Each structure stands twice: as C-alpha cells, then as structure tokens.
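Student: Provided below for reference: sequence and predicted model.
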Amino acid sequence: MLSPSGSTTRKLLLAFGALVALFTAASGFALARLTDIHDGSHALREAGGRVRDSLELATAVRDQYAHLAHTIILGNDSHARFHDEARARVETLTRRLREQARDAQEHTWVADIEQNGDALDRLYRETLLPAVVAKDQAAVTAAHGRALELVSQIQARADSLAERFDASIGSFEEHVGAVEHASFRWALLFLGGATLFAVGVGIYIGNSVARPVARLSEGAARLARGDLNTRIPEGDPGELGQLAAQFNRMTEALRAHQAQLVQHEKLAGIGRLAAGVAHEINNPLGVILGYVRLLQRKAEGALAEDLKVVEEEAVRCQQIVEGLLDLSRPGRGPVEHVPLREVCEEVVARLRESSRLGDVDVRVEGDASAWAWPPRLRQVLLNLVKNAAEAAGQGGRVALHIEAASDGGASVAVSDSGPGVKPEDRPRLFEPFFTTKPSGTGLGLAVSRAIAEAHGGQIDADTGPLGGARFTLRLPPASPAQEAMA
Ligand code: ADP
C-alpha cells in the first residue's frame with residue numbers, strides 16, 4: 001500500500017522546507033543588517049545635527065558679542081534689540097544641545113555655556129548698557145573686558161562640543177562601514193551557499209523523485225505500446241520503489257492473464273472444432289475398430305501383427321477425439337460432496353487392475369473432501385497418477401497427498417520419483433498437444449486443467465518431495481448453497 005504521507009512527500013517537504021528555511025534565515029539576516037545600517041545612518045544624521053548646532057552656537061555668541069560691541073561703539077542702546085535676538089538664538093541652541101548631550105562631560109560643557117551665557121546677558125543689561133548710556137568710560141571698559149572673557153569661554157566650550165560630536169561622527173561612520181562590509185560578505189556567502197544548496201536539493205530531488213518517476217513513465221509508455229515484458233528497476237527506496245515493484249507485479253499479472261486468455265481462446269476454438277467433427281469421426285472410428293477386431297480373430301502371423309498396429313492407432317485416434325470432446329465440455333455435470341481419499345484409492349486401484357502402474361509403489365496419505373463432479377474428478381486424478389507412474393518408471397515411487405486448505409478448499413498433490421519437468425518444458429506443460437512421449441496425445445494435462453478450472457480450482461506443477469515432479473490439484477471451498485446441502 002502507498003501511504004499519502006510516504007517518503008516522497010517527506011523528501012519533497014524536507015527539501016523545500018530546507019530551501020525556505022535557508023532563504024528565511026538569509027532574509028532575516030539581511031533585514032537585521034539593514035536595520036543596523038538604518039540605525040547607523042540615523043545616528044550619523046543626529047551627530048551631524050549636533051555638530052551643526054555647536055557651530056551655530058559659536059556663531060550666535062559671536063553675533064551677540066558684535067551687537068554688544070556696536071552698543072559700545074555707537075554709545076547708545078540702538079543695538080539692544082539685536083543683542084536680545086542673538087541672545088534668544090544662543091538660548092535656543094543651548095537648549096537643543098542640552099537635549100542632545102550624551103554623557104557627563106557634554107552635560108558639564110553645556111551647563112558652562114548656559115552659565116556663561118546668563119552671565120553675559122546679565123552683564124550686558126545690568127552693567128554695560130547703563131554704563132554706555134551714562135557715558136561711564138571706565139565702567140564700559142571693565143564690562144567689555146569681562147564680556148570678552150565670557151564670550152571666549154562660551155566659544156571654547158562650543159568648539160569642544162563640535163569637536164567631540166565630530167569625533168562621534170567618525171566612529172559612527174566606521175561602524176556603518178563595518179556593518180556594510182560584513183553585510184556584503186554575508187550576502188555573498190549566502191548567495192553562493194544558497195546556489196550550491198539549491199543545486200544539491202535539485203540533484204537530490206532529481207535522483208530520489210524525478211528519475212524514478214521518469215522510469216515509471218517510460219515503463220508505462222512501453223506497456224501502453226504492448227510490451228508486456230516491460231520491467232522497471234526496483235532499487236529505489238520509498239514508495240516510488242514500491243510503485244515500481246507493484247508496476248512489475250501488475251505487468252507480470254497482465255502477461256500471465258493474457259497468456260491464460262490466449263490459452264482459453266485456443267481451447268475454446270479447439271473445443272468448438274472438436275465438438276463439430278468428433279461426433280462425425282467417432283462413428284467411423286467405432287466401425288473401423290469393430291471390423292479390425294473381427295478381422296484379428298481370423299488373421300494369423302504377419303497380418304495379425306499388422307491388424308494389431310491398426311487397432312492401436314485407431315484406439316489412439318479415439319482417445320484424441322475423446323480428449324478434444326473433454327476439452328470442449330470440461331465440467332458440465334452434477335456436483336457432489338466427494339471424499340477425496342476414497343476417490344484417490346479407487347483411481348489407484350483401477351490403474352493397478354489395468355496394469356498401468358507396473359511395480360511402481362503408489363501411496364495415498366491424508367484426507368479431505370471437496371465438491372466436484374465425480375467422473376471428471378476421477379479423470380483428472382487418473383491422468384495425474386498415470387503420468388506420475390510413467391515418469392517414475394519401474395521400481396519408482398508415487399505419493400498422493402490429500403490436504404484440507406485453510407480457506408475451506410482441498411488439494412491433492414501427486415508427486416513422483418521421476419526425472420521431473422525440464423525447465424524449458426514447464427511453460428508448455430498445459431498446452432494442448434504438448435507431449436514428450438512417443439505415443440502421447442498431449443491432451444491429459446490440458447483437459448485436467450480445463451476440468452479443474454471448470455470446478456473453480458487450479459492445477460500447478462513444481463518439484464515434489466520425491467525428487468520428481470509434483471502436480472497439485474486445488475479445489476475451492478464449498479459455496480453457501482453446497483454447505484447447506486452437506
Ligand atoms: P501425455 O501424457 O499424452 O504426454 P499430458 O498432457 O498428460 O500428455 O502430459 C504432457 C507432458 O507433460 C508429458 O508428455 C510429459 O512431458 C509432461 N509430464 C506430465 N506429467 C509428468 C510428470 N509426472 N513428470 C514429468 N513430466 C510430466
């Protein structure tokens with residue numbers, strides 16, 4: 001039986017599962033690398049923004065100082081508004097830098113900037129501007145000196161922050177570069193590996209699935225062309241191997257069936273012909289035999305010998321005609337429940353009486369019963385025992401083994417100590433007119449098999465326990481109606 005979850009399905013699932021797993025792993029890896037690169041680029045952009053803010057802060061402080069200087073030069077408060085705008089810009093940028101500071105060092109520097117910025121603003125509004133308006137040159141000079149100091153400190157801190165942020169850009173670039181390189185290497189490796197793996201999976205599927213399927217299809221095509229000797233190599237493991245074995249068994253069964261059909265057709269043809277002519281031949285043969293026997297009584301010497309030969313040949317003709325008639329109607333008659341041992345012993349006794357057993361030792365063993373038409377059953381057994389005795393020859397042995405079959409039927413196996421059947425003769429044993437005996441008709445086994453089959457049974461030949469051939473007659477179990485009668 002082929003199971004749907006058999007090994008071919010498993011193989012295909014395994015191969016495709018492995019491919020899908022590989023591509024999922026590769027995609028997952030690529031996704032992780034891309035996220036890494038994306039994060040790196042984002043960090044790079046942020047660092048760039050921080051550098052820009054630090055540089056802008058330095059510029060804004062310089063602006064603030066410029067307006068402070070203009071206030072001193074012009075000696076009025078006309079630049080106070082511009083100073084405040086520059087101051088607001090410094091404050092905004094300082095706040096942004098505070099949000100972007102990443103460690104204690106950067107926080108300290110931003111705090112310094114804030115402190116100095118506040119101090120500068122206070123200095124401008126509370127000291128410098130009143131001194132300028134009051135034209136107090138000494139106070140203006142002192143305040144200017146202090147303002148310059150504060151601006152320098154703010155600028156120094158802004159420059160330090162810019163340098164530090166710039167350095168972080170370098171390390172981010174390095175990281176992103178390294179990730180890009182690693183991703184490129186892994187992508188190459190995955191690409192190469194996946195190609196090799198896909199080729200491997202292709203070869204594996206080709207060997208374990210595609211090739212056996214191609215062999216099966218080729219075999220089926222040969223069978224379709226009528227080549228009944230087609231056989232498919234059965235070495236493949238799994239259900240394709242089983243399928244090949246089943247295909248071979250099916251082809252063999254088909255071949256045997258066809259041979260049987262031809263045989264049946266042949267027998268039916270012979271039967272029809274025989275039935276037509278046998279009746280016509282039988283009557284003149286009977287007349288010939290009657291006259292020959294009459295003449296034999298009167299004849300003497302050489303003439304008597306010649307008449308004996310004519311009688312023997314006429315008897316042989318009669319046997320052939322009878323055999324042909326048997327072939328044409330092998331099983332018509334009332335079926336009875338027959339004790340097989342009794343029938344076998346009766347057959348042996350009849351053969352012994354007619355001296356056809358010579359000194360051959362014939363034994364009957366076992367017991368069983370079967371449903372058969374007794375005269376036809378006797379005819380089959382008579383033929384098998386006669387053949388066995390002829391094959392065993394003088395001093396030989398023949399055994400009839402009767403046995404009840406497990407299915408309710410029965411069998412009689414006739415074995416002999418003769419030379420057995422030659423392998424080249426075996427396929428032709430049951431063909432009508434096949435004989436190896438000089439005076440044989442070659443109809444005994446053909447008629448016996450036709451009778452066995454008409455009873456729903458069979459006859460097979462093989463090698464028996466006495467060293468010679470063994471012919472086994474198998475009869476089927478009783479039908480329910482027959483059982484009811486038994
Ligand atoms: P016939 O006996 O007239 O030859 P059969 O049909 O009974 O016809 O037998 C056909 C052939 O089968 C025989 O000629 C013989 O070659 C072979 N045969 C039959 N029975 C035996 C046997 N017991 N041992 C060997 N060969 C046998």
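Tutor: Thanks, I have it.

Student: Give me every residue in the chain lying close to the ligand.
Tutor: Contact residues, the chain versus the ligand (C-beta under 6 Å from any ligand atom): 383, 387-388, 391, 416, 418, 421, 425, 429, 434-437, 440-446, 468-469. All C-beta atoms are positioned from the backbone trio N, CA, C, and that covers glycine.

Student: Next, His455: phi, psi?
Tutor: phi -90, psi 0 (degrees, to the nearest 10).

Student: Look at it and say how many residues are nearby.
Tutor: 21 (other C-beta atoms under 10 Å).

Student: go on, Ser41?
Tutor: Neighbour count for Ser41, taken as other C-beta under 10 Å: 13.

Student: just checking, what packs against the helix or strand hosting Arg470?
Tutor: Per DSSP states H and E, Arg470 falls inside strand 469-475. With contacts defined as 3 or more C-beta pairs under 8 Å, 6 or more residues apart in numbering; DSSP states H and E, strand 469-475 has these neighbours: strand 369-372, helix 374-392, strand 410-416, helix 444-454, strand 458-463.

Student: How much space separates the nearest residue to Gly333 once chain neighbours are set aside from Thr230?
Tutor: In space, and not counting its chain neighbours, Gly333 is closest to Trp373: 3.8 Å by C-beta to C-beta, 6 or more residues apart in numbering. Plainly put, Trp373 is 41 Å away from Thr230 if you go by C-beta to C-beta, to the nearest Å.

Student: hmm, back to that, torsion angles phi and psi at the residue nearest to Gly333?
Tutor: Torsion angles, degrees, to the nearest 10, at Trp373: phi -90, psi 110.

Student: Pull the number of nearby residues for it.
Tutor: Counted with other C-beta under 10 Å, Trp373 comes out at 19.

Student: measure it to the ligand for me?
Tutor: 20 Å (C-beta to the nearest ligand atom, to the nearest Å).

Student: Surely that residue touches Val335?
Tutor: Yes. The pair Trp373 / Val335 is scored as a contact, 5.5 Å apart, by C-beta atoms under 8 Å.

Student: any residues in contact with both of the two?
Tutor: Jointly contacting Trp373 and Val335 under the rule C-beta atoms under 8 Å, 6 or more residues apart in numbering are His455.

Student: Do you have the strands of the stretch 301-450 of the chain handy? List them.
Tutor: Along the stretch 301-450 of the chain, counting by DSSP state E, counting those that start in this stretch, strands occupy 336-339, 361-365, 369-372, 397-404, 410-416.

Student: Which one, of those, ends up nearest to Gly286?
Tutor: strand 369-372 (29.5 Å; C-beta to C-beta).

Student: Mind listing what's buried along the closest one?
Tutor: Across strand 369-372, burial judged by 16 or more other C-beta atoms under 10 Å covers 369-372.

Student: Name the nearest of those residues relative to Ser160.
Tutor: Out of the buried residues of strand 369-372, the member with the shortest distance to Ser160 (by C-beta to C-beta) is Ala370, at 116.5 Å.

Student: Next one: that closest one, what pLDDT does it get?
Tutor: If you check Ala370, the pLDDT there is 95.

Student: Please apply the same query to the one 10 residues further on.
Tutor: Reported pLDDT at Val380 in the predicted model: 96.

Student: Tell me how many other residues crowd the residue nearest to it when sequence neighbours are not counted.
Tutor: Excluding its sequence neighbours, the residue lying closest to Val380 (C-beta to C-beta, 6+ apart) is Ser448, at 4.4 Å. By other C-beta under 10 Å, 24 other residues sit near Ser448.

Student: hmm, back to that, now the strands of the stretch 301-450 of the chain in a markdown table, with distance to Ile72?
Tutor: Listed next are the strands of the stretch 301-450 of the chain as a markdown table, based on distance: least, C-beta to C-beta, whole Å:
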| stretch | distance to Ile72 |
| --- | --- |
| strand 336-339 | 145 |
| strand 361-365 | 144 |
| strand 369-372 | 140 |
| strand 397-404 | 136 |
| strand 410-416 | 136 |
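
Student: dump the residue contacts of the residue nearest to Val380.
Tutor: 379-380, 383-384, 459, 473.

Student: quick one: low-confidence ranges for the stretch 1-150 of the chain?
Tutor: Along the stretch 1-150 of the chain, segments meeting pLDDT under 70 span 1-7.

Student: if we go to 90?
Tutor: 1-51, 53-54, 57-58, 64, 77, 97, 100-103 (pLDDT under 90).

Student: Now the phi/psi pair for Ser152, please.
Tutor: phi -60, psi -40.

Student: How many neighbouring residues does it have?
Tutor: Ser152: 13 neighbours (other C-beta under 10 Å).

Student: distance of it from the ligand?
Tutor: Taking C-beta to the nearest ligand atom, one finds Ser152 at 130 Å from the ligand.

Student: Now stretch 194-205 - C-alpha only, CSV.
Tutor: Only the C-alpha atoms of stretch 194-205 are listed here, as CSV (Å, rounded to 0.1, in the frame of the first residue of the first chain):
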residue,chain,number,x,y,z
ALA,A,194,22.1,29.1,-1.4
THR,A,195,23.0,28.4,-5.1
LEU,A,196,25.1,25.4,-4.0
PHE,A,197,22.3,24.2,-1.7
ALA,A,198,19.6,24.7,-4.4
VAL,A,199,21.8,22.7,-6.8
GLY,A,200,22.2,20.0,-4.1
VAL,A,201,18.4,19.9,-3.5
GLY,A,202,17.8,19.8,-7.3
ILE,A,203,20.1,16.8,-7.6
TYR,A,204,18.6,15.1,-4.6
ILE,A,205,15.0,15.6,-5.9
